[in-house]
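J.: pasting the sequence and the predicted model now:
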Amino acid sequence: MKGRPATFYRLGAFAHRRRWWVLTAWVLLFVAALPPLGKLTERLSQGGFEVPGSGSARALELAEEFQGHHEIVTTLVMWSDTRLAGDPAFRALFEEVRAALVVGPGVAEVSDPYRTPERSISPDGRVLTAAVGLSDDQDAALRHADELNRIVAEASAGARDVRALLTGDAPFYAAFTETTTHDLERAERIALPISLLILILAFGSLVAAGLPLILALLGLAVTFGVISLVAATTTVSIFTQNVASMIGIGVGIDYSLFLLTRFREELKAGRPTGDAVAAATATSGKAVFVSAMTVVVSLSGILLVDIAAMRSMGLGAMIAVAVAAAAALTLLPALLSMLGPRVDRWAIRRRTTARPGRGGWWHRWARTVMRRPWRALAATALVVGVLAWPALHLRLGSSGPDIFPADSGPRVAAEVTAAAFGEGVVSPVQVFVELPRDVLGEGLEDIGRVSAALAADPEVASVISVASVIPPDLPPERVAGFLASPAGAEATAGMMSRDGRLTAISVITKHGPQHPENQALVERLREDLPGLLPPGAEVAVGGSPALNLDINREMERSILPVVGMVLTLSFLLLLLFFRSLLLPLKAILMNGASVLAAYGLLVFVFQDGHFQELLGFDTAGHIEMFIPLFLFSILFGLSMDYEVFLLARIREEYLRTGDNTEAVGWGLEHTGRIITSAAAIMVTVFGAFAFASLVPIKAMGFGLAVAVFIDATLVRIVMVPATMRLMGRWNWWLPRWLDRILPNVSLEGEVAPVAGQAAAEDPVPAKA
């Protein structure tokens, strides 16, 4: 007795019958996405890297209590090889630059280095720094950074022997954004034509090759429209656009590739267009749906990281995957219904298939692997182990200006400043002390004690506080008078809150904000300083070094919850859809092998420095802190993408034949070429980013590319057939008690046979 057609068979049939409705709906959706898409750039946030509840976040809150103290300070650096800062021409140029900057957007004040030459002019007299206090919040400061750079460049353009540049957090992240956008555009210009070439070689038809690209780009436009709507109400990082673009193009092409391939197979088998669309959606469409769900589940782990920028990047990637899957399951079937056999028009080569019953190269390869499964499994496991071995000495860290090209403005200015004053002067540690009494009165002794303890730390180069500005030879009885005088008020400007009980202390360190010694200092200060203060006092340690430490700690805290959530939800999802207890476990182990191998290669290249000349970077001796966790979520989802597609076809063959070995052979025969083509496109898209300008982007692109390559070669076409041959019928084992209590969400069902086809070849419905 025939059962009811599968859910996805009915979906494909609906898309065929109502193809003009479906097409119209997507056109309207695309048109509706255009207005918010046009506002995407202005809505994206260049900040979002704060860690709620952390010490650095509390320091930012306390900074708002200051009049004259600015949450964000950029540093103007001016230097010359031939002139001294005290020369009249040098000083006149500084005044011109200062006057231009003061009226710039978001600038509250520019300090006068000639009033504090001991802190602002280098010992050799050739380098001058001035603090540019910004009234902007983080987002506005980063948006205005390019304009301030332009102002400085124009104001100093007439001087040939004096250079002027801005450095600090705002110029740093602005340059990061600009370079990333440039890298993204260049990568797309490289990846899209190569992807089209791979599709043409895979399909042999220009029409068939063009469809996946068209759907991927359409889906990306809709994705950006949705992200823009989200960004209108909450913080969405500017990097979300880059991540969504990479993932959206990759999976958008893959999903269309899977379904389009099956549609052409059904047409060749003799099905009419409507039946071919429905059958392709019932089989490959089901695999696309499950794949998309597993990718979304993997990416959802990023939402556990309590950093707004990270969560927004994960959310953007999830939206891109969901839109790509929706387009593949609705719009593509509608377009295929309109094209029918014309999908093979403009062919550049004739299609060839294996003779019935004999199979092609992939079938023979699978049989070869399964004849000696232990050898194949041991050999590939050894290769994966060797590739993963360097990951055992993985070191995590944060990037500094050296991730930029050597001629980048923020990097040049930071290096000049570090050479002249010490690495920590650009981004000092900020210590905020709130006392239960007046700081400049009874509390001055407390601040003096804290300042002395700070100065005694071996990592500290200098300390700037209300205690340190007091002349050392001033008698104690005259200190109060000095602080109350105009000179004292000027010296302590920006260090005192409005109520006089909160003070800011700048700690200049010997190393840069990303250095481990600097972050160790932050930990020491947070542990030791409270013991130096009276009851009721509060101390908060902030600044870039503290923010870097808090981000690192948040990433470390998130590792176990993210990995645990991704593995658990992926297992449950595959258990429900494939109704097997061991296949999900095997899939998780196979995906883990790809991820570990990618980690090992990442360490070998970007931490240990191999092939750095080829890729054009200087190793920092560590891997960027956010990369391993982010790569895990993305790679686990993408690896599961190919696993689900392969297992879905193997399961289909197993339900038809009941022979595990034949099912694996024919499953790989039907999917091997398309998985290889899809992986080649993914490697192309991600690999284009391995030649980006920024080291973290290089590492991300490289890690994604090598992981997909390893997954589609060693794992999918060697390890999977070998393990499935060894497990035999245990692949499909599900305890009866578990079968009874699991909800019936298996998506297989009846697919009508081709006219004249033997009933024995009908797919066997999945067990309910």
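T.: Looks like it arrived, so ask away.

J.: from Glu442, how far out is the most far-flung residue of the chain relative to its centre?
T.: Distance from the centre of the chain peaks at Glu477, with 58.1 Å (Cα atoms, centre = their mean). Glu477 sits 15 Å away from Glu442, taking Cβ to Cβ, to the nearest Å as the criterion. C-beta coordinates here come from the backbone N, C-alpha and C atoms, glycine included.

J.: also Ala221?
T.: Ala221 is 64 Å from Glu442, by Cβ to Cβ.

J.: poorly predicted segments of the protein, please.
T.: 1-5, 46-47, 67-71, 137-139, 349-359, 399-400, 745-768 (pLDDT under 70).

J.: ok, back up a step: compare Ala221 and Glu442 (neighbour count), which wins?
T.: Ala221 (15 against 12; other Cβ atoms under 10 Å).

J.: next secondary structure element downstream of the host helix or strand of the more buried one?
T.: Here Ala221 sits within helix 206-231, counting by DSSP states H and E. Following helix 206-231 in sequence order, the next helix or strand is helix 239-268 (DSSP H and E).

J.: other SSEs contacting that next one?
T.: If contacts are counted by 3 or more Cβ pairs under 8 Å, 6 or more residues apart in numbering; DSSP states H and E, helix 239-268 sits against helix 169-203, helix 206-231, helix 273-300, helix 308-326, helix 332-339, helix 627-657, helix 660-687.

J.: list the buried residues of the longest one.
T.: Looking back up the chat, that one is helix 169-203. Along helix 169-203, these residues count as buried under the neighbour rule (16 or more other Cβ atoms under 10 Å): 169-177, 179-180, 183-184, 187-188, 190-192, 194-196, 198-200, 202-203.

J.: excluding covalently adjacent residues, which one is nearest to Val295?
T.: Spatially, and ignoring its direct neighbours in sequence, Val295 is nearest to Gly637 (3.5 Å; Cβ to Cβ, 6 or more residues apart in numbering).

J.: tell me the buried residues in the helix or strand where Ala25 lies?
T.: For Ala25, the element it lies in under DSSP H and E is helix 19-38. For helix 19-38, the neighbour count (16+ other Cβ under 10 Å) marks Arg19, Val22, Leu23, Trp26, Leu29, Phe30, Ala33, Pro36, Leu37 as buried.

J.: on that earlier part again, helix/strand/coil for the residue farthest from the centre of the chain?
T.: Per DSSP: H, G, I helix; E, B strand; the rest coil, the local secondary structure of Glu477 is helix.

J.: what sits against it?
T.: Residues counted as contacts of Glu477 (Cβ atoms under 8 Å, 6 or more residues apart in numbering): none.

J.: any idea how far it is from Phe689?
T.: 66 Å.

J.: isn't Ile634 up against Val296?
T.: No: in this structure Ile634 lies outside contact range of Val296 using Cβ atoms under 8 Å: 11.7 Å.

J.: looking at the two, which has the bigger crowd around it?
T.: Between Ile634 and Val296, counting by other Cβ under 10 Å, Ile634 is the more crowded of the two (27 against 20).

J.: how near is the more buried one to Val605?
T.: Taken as Cβ to Cβ, the span from Ile634 to Val605 is 18 Å.

J.: again with Gly488
T.: On the measure of Cβ to Cβ, Gly488 and Val605 end up 56 Å apart.

J.: who's more crowded, the two?
T.: Ranked by neighbour count (other Cβ under 10 Å), Gly488 and Val605 place Val605 first, with 23 against 19.

J.: surely the more buried one meets Phe702?
T.: Yes: contact criterion Cβ under 8 Å: Val605 and Phe702 qualify, at 6.5 Å.

J.: hey, what's in contact with both of those two?
T.: Common neighbours of Val605 and Phe702 (Cβ under 8 Å, 6+ apart) are Leu615.

J.: hang on, Ser451 is in a helix, isn't it?
T.: Yes: counting by three-state DSSP, Ser451 is located in a helix.

J.: is it true that it touches Ile505?
T.: Yes: when contacts are counted by Cβ under 8 Å, Ser451 is listed as touching Ile505 (6.6 Å).

J.: what is in contact with these two at once?
T.: Jointly contacting Ser451 and Ile505 under the rule Cβ under 8 Å, 6+ apart are Val463, Ser465.

J.: neighbour count winner among the two?
T.: Ile505 (24 against 20).

J.: OK, contacts around that one?
T.: Gln430, Val431, Phe432, Val433, Ile447, Val450, Ser451, Leu454, Val463, Ile464, Ser465, Met495.

J.: do the same with Ile710
T.: Val384, Leu387, Ala593, Ser594, Ala597, Ala598 are the contacts of Ile710 under Cβ under 8 Å, 6+ apart.

J.: which of the residues you listed lies closest to Gly616?
T.: Ala598 (20.5 Å; Cβ to Cβ).

J.: my guess is Glu65 contacts Arg498. True?
T.: Yes: at 6.6 Å, Glu65 counts as touching Arg498 under the criterion of Cβ under 8 Å.

J.: so between those two, which is more surrounded?
T.: Higher neighbour count among Glu65 and Arg498: Glu65, with 16 against 10, using other Cβ under 10 Å.

J.: if you skip the residues just before and after it, what's nearest to the more buried one?
T.: That would be Ser497: by Cβ to Cβ, 6+ apart, it lies 4.3 Å from Glu65.

J.: what is the burial count for the residue lying closest to Ala282 once chain neighbours are set aside?
T.: Using Cβ to Cβ, 6+ apart and skipping the chain neighbours, the partner closest in space to Ala282 is Tyr9 (3.6 Å). Using other Cβ under 10 Å, Tyr9 has 26 neighbouring residues.

J.: 194 is where my numbering starts, stick with that
T.: Let's use 194 as the start, then, which means that last one is Tyr202.

J.: now do Val423 against Ile500, distance only.
T.: 16 Å.

J.: same thing with Leu227?
T.: 31 Å.

J.: which of the three states applies to the closest residue to Ser247 other than its chain neighbours?
T.: Nearest residue to Ser247, sequence neighbours excluded (Cβ to Cβ, 6+ apart): Asp743, at 3.9 Å. Here Asp743 is recorded as helix under three-state DSSP.

J.: my guess is Asp743 meets Gly246, correct?
T.: No: checked against Cβ under 8 Å, the pair Asp743 and Gly246 is beyond contact range at 9.2 Å.

J.: the two: who's more crowded?
T.: Asp743 (25 against 10).

J.: now for Gly443: which residues touch it?
T.: Gly443 touches Leu831, Ile874, Met875, Val878, Phe879, counting by Cβ under 8 Å, 6+ apart.

J.: helix or strand for the closest residue to the third one other than its chain neighbours, which one?
T.: In space, and not counting its chain neighbours, Met875 is closest to Val901: 4.4 Å by Cβ to Cβ, 6+ apart. Applying DSSP H and E as the criterion places Val901 in helix 888-903.

J.: export that helix to CSV, keeping only CA atoms.
T.: Provided in CSV are the C-alpha atoms of helix 888-903 (Å, rounded to 0.1, in the frame of the first residue of the first chain):
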residue,chain,number,x,y,z
VAL,A,888,46.8,38.4,9.3
PRO,A,889,43.6,37.3,11.1
ILE,A,890,41.6,37.3,7.8
LYS,A,891,44.4,35.4,6.2
ALA,A,892,44.3,32.8,9.0
MET,A,893,40.5,32.5,8.8
GLY,A,894,40.5,32.0,5.0
PHE,A,895,43.4,29.6,5.2
GLY,A,896,41.8,27.6,8.0
LEU,A,897,38.4,27.3,6.3
ALA,A,898,40.0,26.4,2.9
VAL,A,899,42.2,23.6,4.2
ALA,A,900,39.5,22.2,6.5
VAL,A,901,37.0,21.9,3.6
PHE,A,902,39.7,20.4,1.4
ILE,A,903,40.6,17.8,4.0
